[in-house]
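Novice: what shape does this take:
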Amino acid sequence: MEHLKDIQALDDIRLLVNSFYDKAREDDLLKDIFNNIIQNRWPEHLEKMYRFWQTVLLEEHTYFGSPFLPHAHLPVEKEHFDRWLKLFYETVDEHFSGEKAERAKWQGERMAEMFLSKIQYYRDSSSTPLK
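Specialist: Below you'll find the model as predicted:
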């Protein structure tokens with residue numbers, strides 16, 4: 001069995017992000033949501049995701065902003081987040097093993113739970129997300 005290394009550098013983040021979004025862009029449940037929202041702005045989106053995960057996992061602070069706001073009004077339900085997590089875990093486990101890989105999965109699960117909760121809250125409320 002091949003020994004996988006942990007997430008250690010920006011190139012590892014790029015591999016994780018690119019591999020994950022390759023899957024999401026082909027997934028029957030997720031592809032229309034991603035492709036309809038992002039359209040031809042994939043390079044910009046991927047760059048933002050590199051910076052986000054670089055900040056979270058490598059503690060190199062290159063991401064600034066509010067990750068929830070762009071997701072606040074997405075047409076998604078629990079099943080979408082469950083699929084997102086399945087693909088994300090699968091991608092992490094295909095390429096990496098170690099403390100940061102486990103942290104990536106934990107952080108992904110935490111974000112999915114928070115985003116779903118907040119999306120549902122704003123759907124059911126007259127409030128709007130703060131910018």
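Novice: so which residue is smack in the middle of this protein?
Specialist: Taking CA atoms, centre = their mean, the centroid of the chain lies closest to Gly108, which sits 6.4 Å from it.
Novice: any idea how far Leu57 is from it?
Specialist: From Gly108 across to Leu57, the span is 11 Å (CB to CB, to the nearest Å). C-betas here are computed from N, CA, C, even on glycine.
Novice: which parts of this structure are helices?
Specialist: 10-24, 31-38, 42-58, 78-95, 99-123 (DSSP state H).
Novice: avg pLDDT for the shortest one?
Specialist: When you say that, I think you mean helix 31-38. What helix 31-38 shows for mean pLDDT is 88.
Novice: report the buried residues of that helix.
Specialist: Across helix 31-38, burial judged by 16 or more other CB atoms under 10 Å covers 33-34, 38.
Novice: from the chain's centroid, how far away is it?
Specialist: 14 Å (CA atoms, centre = their mean, to the nearest Å).
Novice: hey, what's the angle from that helix to helix 78-95? Just curious.
Specialist: Inter-element angle recorded for helix 31-38 and helix 78-95: 90 degrees (by axes from the mean of the first three to the mean of the last three CA atoms, to 10 degrees).
Novice: and helix 31-38, what does it pack onto?
Specialist: Where contact means 3 or more CB pairs under 8 Å, 6 or more residues apart in numbering; DSSP states H and E, helix 31-38 is packed against helix 10-24.
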